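# quick one, structure for this:
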Amino acid sequence: RGGLGEGSSPRPPLRVAGRHNVQARTHSGAQAASRAAGRLEGMLTRTDLRSTRLSARRLAQALPRAALDVTTAQAAVAPLIEDVRSRGAAALRDAAQRFDGVRPTHLRVPAQAIAQALSDLDPAVREALELSISHNRAGHAAQVPSERSTDVIPGGTVTQRWIPVERVGLYVPGGLAVYPSSVVMNAVAAQVAGVEQIALASPPQARFGGLPHPTILAACALLGLTEVYAVGGAQAIAMLAYGADVQDDTDCADAGGEVLCQPVDVITGPGNVYVAAAKRAVMGTVGIDAEAGPTEIAVLADAGADPEYVAADLLSQAEHDPNAGSVLITDSPELADAVDAALERRLSATRHKDRASIALSGPQSGTVLVRDLEQAIEVADAYAAEHLEIHTTDAPEVARRIRNAGAIFVGPYSPVPLGDYLAGSNHVLPTGGTARFAAGLSVMAFLKPVQLIEYGAGALEAMAPALEILAACEDLPAHGEAARARKG
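As a prediction, this is how the structure comes out:
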């Protein structure tokens with residue numbers, strides 16, 4: 001679901017990245033129609049790069065890719081953000097009615113509702129979530145850097161500290177699926193980092209009386225999160241960034257005062273194009289993790305890969321969203337054929353075959369044929385996948401040669417869904433090729449590196465001559481005078 005909220009608004013604008021004119025086999029209108037009906041009719045669109053020698057720029061253009069047009073969406077979210085800043089809770093309720101089809105009585109979820117959701121949770125789901133939380137705590141604990149002091153000169157020390165931000169806002173979407181795992185991924189990273197105050201927002205659901213989905217609330221309860229808001233879309237980002245005042249007595253009772261939500265320091269979490277646009281708009285007022293787009297998977301596979309494993313993993317991401325990308329990179333046309341056949345069979349039997357079929361037949365998905373492993377690695381780095389699986393001989397060695405990927409899944413028994421839930425890694429990852437410069441969510445999103453500089457009198461005196469020379473060089477004499485003033 002798209003729209004400024006994450007309810008039943010129109011699909012977000014989609015921009016298809018251009019492709020270089022390389023050898024490619026495409027589908028006829030009849031084949032595309034058959035895909036829409038849930039059949040692949042042959043295979044994924046193929047881009048054949050075996051005889052090409054492309055620059056990095058032209059290679060990136062040649063690969064399957066669909067990118068969300070965040071710039072266009074910004075114009076749509078700007079008035080909504082300003083409305084939330086001006087009218088607080090009243091604007092949040094108006095937006096919920098417009099985009100989510102419900103006017104919440106409780107914008108801040110009552111503690112009783114959170115507790116009840118946990119009480120009603122299927123015991124098997126609770127056990128699986130508790131396992132996910134445990135594994136993610138272990139994985140994220142390993143990310144926490146240690147404080148370190150360096151004696152630069154005798155009597156002159158620089159200490160590197162890592163200080164958690166005080167307050168964060170976590171966003172958990174409520175579109176085509178329910179994502180308690182996103183509660184886990186965001187909250188565990190913040191908690192392990194040492195964040196003291198955590199506010200979480202998730203869209204109100206009409207079928208649950210204007211509260212977020214009960215499974216989301218139950219996950220919050222398992223994690224000890226008590227400040228939870230029934231607010232979705234761009235309006236949630238605005239509320240977290242700027243805060244919001246109450247509208248009525250119910251808000252006052254739920255919030256314990258005249259302020260519904262205090263502003264946060266950092267906002268993290270995935271969402272649709274309007275959530276991404278809102279995060280871009282508030283960046284600078286608060287820190288953000290990234291502008292997450294549609295999910296994507298690339299599988300780098302050689303002739304020895306199991307086509308059933310590859311097809312199952314490509315399909316696992318295609319079921320997320322009609323805009324999801326599933327890309328196979330291989331030097332084996334025979335494997336590509338076998339994957340196509342397996343995809344066709346699996347697609348016909350999967351629950352979400354309609355949206356998966358659209359995703360697999362879209363311009364963001366396809367098979368890329370390469371000459372050899374060297375070109376496959378080049379293509380994988382150019383694509384910079386959110387999730388990259390390695391199904392090759394010597395997969396661990398190949399994985400260490402990859403520069404650009406949000407997360408790398410090594411070997412046939414490390415599928416992406418393991419990372420989505422239980423591997424101990426974080427599934428909030430850079431999309432749309434941004435893994436060239438961005439990283440997945442970690443404790444580092446919530447930590448500030450702060451240096452402590454401590455010099456004694458003798459150490460300062462030893463540095464004063466060089467300091468004065470540099471100050472004079474930059475025509476900043478008062479800098480030098482600050483050191484001279486301490487000579488006594």
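# just how off-centre is stretch 407-414 within its chain?
19 Å (CA atoms, centre = their mean, to the nearest Å).
# only the buried residues of it, if you could.
Neighbour counts using 16 or more other CB atoms under 10 Å place 407, 408, 409, 410, 412, 414 of stretch 407-414 among the buried residues. In this view, the C-beta of every residue, glycine as well, is placed from N, C-alpha and C.
# from what I see, the third one and residue 386 are in contact.
The one in question is residue 409. No - counting by CB atoms under 8 Å, residue 409 stays clear of residue 386, with 11.2 Å between them.
# about what we covered before: tell me the one of the buried residues of stretch 407-414 nearest residue 479?
residue 407 (45.6 Å; CB to CB).
# tell me how far the closest one lies from residue 181.
Residue 407 sits 14 Å away from residue 181, going by CB to CB, to the nearest Å.
# before we move on, what about residue 245?
33 Å.
# which one's more surrounded, those two?
residue 181 (20 against 16; other CB atoms under 10 Å).
# run through the residues that contact the more buried one.
Going by CB atoms under 8 Å, 6 or more residues apart in numbering, residue 181 touches 132, 420, 421, 427.
# in the stretch 51-200 of the chain, which spans are strands?
Using DSSP state E, counting those that start in this stretch, the strands found in the stretch 51-200 of the chain span residues 66-68, 148-153, 156-164, 167-171, 197-202.
# which of the residues in the longest one are buried?
Going by neighbour count (16+ other CB under 10 Å), the buried part of strand 156-164 is 156, 157, 162, 164.
# and the residues you listed, which is closest to residue 395?
Closest approach to residue 395 among the buried residues of strand 156-164 (CB to CB): residue 162, at 33.2 Å.
# who does that closest one bridge with?
Per DSSP bridges, the residues bridged to residue 162 are residue 449.
# wait, it sits on residue 144?
Yes - using CB under 8 Å, residue 162 is in contact with residue 144, at 7.4 Å.
# any common contacting residues for the two?
What both residue 162 and residue 144 touch, as defined by CB under 8 Å, 6+ apart, is the set residue 447.
# which helix or which strand is home to the spatially closest residue to residue 130 that is not a sequence neighbour?
Nearest residue to residue 130, sequence neighbours excluded (CB to CB, 6 or more residues apart in numbering): residue 222, at 6.4 Å. Assigned by DSSP states H and E, residue 222 belongs to helix 214-223.
# just the buried positions in that helix, please.
214, 215, 216, 217, 218, 219, 220, 221, 222, 223.
# now do that helix, average pLDDT.
Helix 214-223 carries an average pLDDT of 98.
# and the residue nearest in space to the middle of the chain, helix, strand or coil?
Closest residue to the average C-alpha location of the chain: residue 428 at 3.5 Å, with CA atoms, centre = their mean. Secondary structure, DSSP: H, G, I helix; E, B strand; the rest coil: residue 428 is coil.
# is it in contact with residue 291, as I believe?
No - assessed by CB under 8 Å, residue 428 is found out of contact with residue 291, at 11.9 Å.
# now the strands for the stretch 251-400 of the chain?
259-261, 266-268, 287-288, 296-301, 325-330, 366-369, 387-391.
# for the nearest residue to residue 258 once chain neighbours are set aside, phi and psi?
Nearest non-adjacent residue to residue 258, counting by CB to CB, 6+ apart: residue 246, 5.7 Å away. Main-chain dihedrals, residue 246, degrees, to the nearest 10: phi -70, psi 170.
# I'd say residue 99 and residue 232 touch.
Yes - if you go by CB under 8 Å, residue 99 and residue 232 touch, sitting 7.2 Å apart.
# more neighbours, these two?
residue 232 (33 against 25).
# how near is that one to residue 238?
Distance, residue 232 to residue 238, using CB to CB: 11 Å.
# distance check, residue 139 against residue 343.
For residue 139 relative to residue 343 (CB to CB), the value is 31 Å.
# so those two - more neighbours on which side?
Using other CB under 10 Å, the more surrounded residue of residue 139 and residue 343 is residue 343, with 26 against 18.
# so what pLDDT did that one get?
If you check residue 343, the pLDDT there is 96.
# and for the one 4 residues further on?
Residue 347 carries a pLDDT score of 94 in this model.
# go on, the one 5 residues further on?
Here the pLDDT value assigned to residue 352 is 94.
# who's in contact with the nearest residue to it once chain neighbours are set aside?
Among residues not flanking residue 352 along the chain, residue 319 sits closest, at 4.3 Å (CB to CB, 6+ apart). Taking CB under 8 Å, 6+ apart as the criterion, residue 319 is in contact with 350, 351, 352, 355, 356, 359.
# narrow these to those that are buried.
350, 352, 355, 356, 359.
# now the residues you listed in TSV, with distance to residue 227?
What follows is those, written out as TSV (distance: CB to CB, whole Å):
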residue	distance to residue 227
350	37
352	33
355	33
356	36
359	35
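# mind listing the helices for the stretch 201-350 of the chain?
Under the criterion DSSP state H, counting those that start in this stretch, the stretch 201-350 of the chain contains helices at 214-223, 233-242, 249-255, 273-282, 307-318, 333-349.
# among the ones you listed, which comes closest to residue 55?
So among these, helix 333-349 is nearest, using CB to CB, at 25.0 Å.
# name the helices or strands packed onto the closest one?
On a contact count with 3 or more CB pairs under 8 Å, 6 or more residues apart in numbering; DSSP states H and E, helix 333-349 meets helix 307-318, strand 325-330, helix 353-361, strand 366-369.
# can we see that at 6 Å?
Applying 3 or more CB pairs under 6 Å, 6 or more residues apart in numbering; DSSP states H and E, one finds that helix 333-349 contacts helix 307-318.
# tell me the contacts of residue 129?
Counting by CB atoms under 6 Å, 6 or more residues apart in numbering, residue 129 makes contact with 219, 222.
# the same query, at a cut-off of 7 Å, please.
Neighbour list for residue 129: 180, 184, 219, 222 [criterion: CB atoms under 7 Å, 6 or more residues apart in numbering].
# equivalent analysis for residue 483, please.
Applying CB under 7 Å, 6+ apart to residue 483 gives the contacts 460, 464, 467, 468.
# next, format those residues as TSV and append secondary structure.
Written out in TSV, the entries for the contacts of residue 483 read as follows (three-state DSSP):
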residue	secondary structure
460	helix
464	helix
467	helix
468	helix
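# show me which of these is closest to residue 55.
Of all these, residue 55 sits closest to residue 467, with 46.7 Å by CB to CB.
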